[in-house]
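**Q** need coordinates for the below:
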Amino acid sequence: MPIRWYGPANPEDPTYRHFERIVNLTLHAALFSAINSGLWVVQELRHPWSRLNWFTLTWLAVLMVHAGFVLALRPAREA
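**A** Residues are numbered from 1 along each chain as shown. Have a look, this model is predicted:
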């Protein structure tokens with residue numbers, strides 16, 4: 001099911017801003033997965049890279065911080 005925003009794009013709406021942050025986190029996670037899996041395949045096939053573990057762990061830490069910010073900045077629930 002594709003992610004969609006139903007309604008007008010209002011940057012002042014906190015729900016819309018949260019949705020935008022979720023989409024950005026999803027793109028960040030997709031890039032992390034695609035690039036890192038490609039680097040690991042290339043390393044296993046022909047070119048050893050001794051610092052790939054650190055690169056992957058550092059990027060994963062940045063991705064987790066990004067996820068933390070998305071969760072911390074989510075709007076409060078309406079009663």
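**Q** for this protein, which segments count as helices?
**A** Remark: helices assigned in the chain by DSSP state H are 14-45, 52-72.
**Q** how about Gly7, phi and psi?
**A** With angles defined as degrees, to the nearest 10, Gly7 sits at phi 130, psi -180.
**Q** wait, what's in contact with it?
**A** Tyr16 (C-beta atoms under 8 Å, 6 or more residues apart in numbering). Quick note: C-beta positions are derived from backbone N, CA and C, even for glycine.
**Q** any regions of this protein where pLDDT drops low?
**A** Filtered on pLDDT under 70, the chain yields the residue ranges 1-3, 79.
**Q** redo that, cut-off 50
**A** Along the chain, segments meeting pLDDT under 50 are nowhere present.
**Q** one step back: tabulate the helices of the chain in a markdown table, adding columns for mean neighbour count and distance to Trp5.
**A** Formatted as a markdown table, the helices of the chain follow (neighbours: other C-beta atoms under 10 Å; distance: least, C-beta to C-beta, whole Å):
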| stretch | mean neighbour count | distance to Trp5 |
| --- | --- | --- |
| helix 14-45 | 13 | 6 |
| helix 52-72 | 12 | 16 |
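**Q** out of those helices, which is closest to Glu78?
**A** With C-beta to C-beta as the criterion, Glu78 lies closest to helix 14-45 of the helices of the chain, at 9.5 Å.
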